[in-house]
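[1] Got a predicted structure plus its sequence, pasted below:
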Amino acid sequence: MPAGAVITFSLNLLSAVVALLTSYYAYRFNRLVGNPVLGAISVGFALLGIGLAVDAGTSLLTGRLLVEFPADRALTLLASFTYLTVQMAAYLVIAVGYGRAVYRGAAKAAAPVVFVGWAASLYSFSLLSYFVSVVLLAFVVFQGLLLRSGKKNGMSSMVLLGFALILAAHLMLLLSVLTLGTLLFLFGTAVQFLGFLSLLVFVVRSEVVVPG
């Protein structure tokens, strides 16, 4: 397996573990404080953990990065579509949670004919997925700034930092898809891991401060 694929597999696997731990601790902390943002983070990061595990498995299976768009197995393409869809759903859940916290509101494919069509569709869907994720994450960061400036809750600046890092990571990932840049894709994956780690540190520290 190429070095780039090994690094991406390792980072995605670690990110999946961190995301699932973040989801677990956010769920436990949310039971104590009943915060809609924590509830959204719990659900969203559970989805992200699952999606990243799928992506890590895809890298292991093919020995390639998602940005290289491998077109050798239907299973690979299906896994990639699954990961990108789950990723969008996760950030949508988190964005809705932030929207509820700020506004106190409530939120709520045909089979391919040829394999090349699948590969082309994956490229287009990847662009769409990362673009939507960037928009949703920008919304999350903006709402986080509103919450922090309005002092409506005690959410740590570490949460804002975490989502800012994830937003920066997805901007890099979007650019890597546009340019097919492997190095930029790896760097974006690493920054995403740091963002996940910041959120995990926050929810773990918060639960220690407010013991159950």
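    Perfect, thanks for sending it. Residues are numbered from 1 along each chain as shown.

[2] Settle this for me: Gln143 is touching Val96, isn't it.
    No: the criterion here is CB atoms under 8 Å, and Gln143 misses it with Val96 at 10.1 Å. The C-beta positions use only the backbone N, C-alpha and C, and glycine is treated the same way.

[3] Was I right to think Gly188 contacts Gly181?
    No: judged on CB under 8 Å, Gly188 makes no contact with Gly181 at a distance of 9.4 Å.

[4] Among the two, which residue is more densely surrounded?
    Gly188 (25 against 16; other CB atoms under 10 Å).

[5] so how far is Ala168 from the more buried one?
    Distance of Gly188 to Ala168, given as CB to CB, to the nearest Å: 8 Å.

[6] Then Ser42?
    Applying CB to CB, one obtains 23 Å for the distance of Ser42 from Ala168.

[7] More neighbours: which of the two?
    Per other CB under 10 Å, whichever of Ser42 and Ala168 has more neighbours is Ser42, with 23 against 18.

[8] Does anything pack onto the helix or strand harbouring the more buried one? Which helices or strands?
    Per DSSP states H and E, Ser42 falls inside helix 36-62. Secondary-structure packing of helix 36-62 (3 or more CB pairs under 8 Å, 6 or more residues apart in numbering; DSSP states H and E): helix 3-33, helix 74-103, helix 182-209.

[9] lowest-confidence stretch among the ones you listed?
    For these, the bottom mean pLDDT is recorded on helix 74-103, which sits at a mean of 77.

[10] which element follows that one toward the C-terminus?
    Next element after helix 74-103 (DSSP H and E): helix 115-150.

[11] mind listing what's buried in that following helix?
    Residues 118-119, 122, 125-126, 129-130, 132-134, 136-141, 143-144, 147-148 are the ones in helix 115-150 that count as buried (16 or more other CB atoms under 10 Å).

[12] Quickly note the distance from the closest residue to Leu161 other than its chain neighbours to Val54.
    Distance criterion CB to CB, 6 or more residues apart in numbering; nearest residue to Leu161, sequence neighbours excluded, is Ser198 at 5.3 Å. Separation of Ser198 from Val54 (CB to CB) stands at 23 Å.
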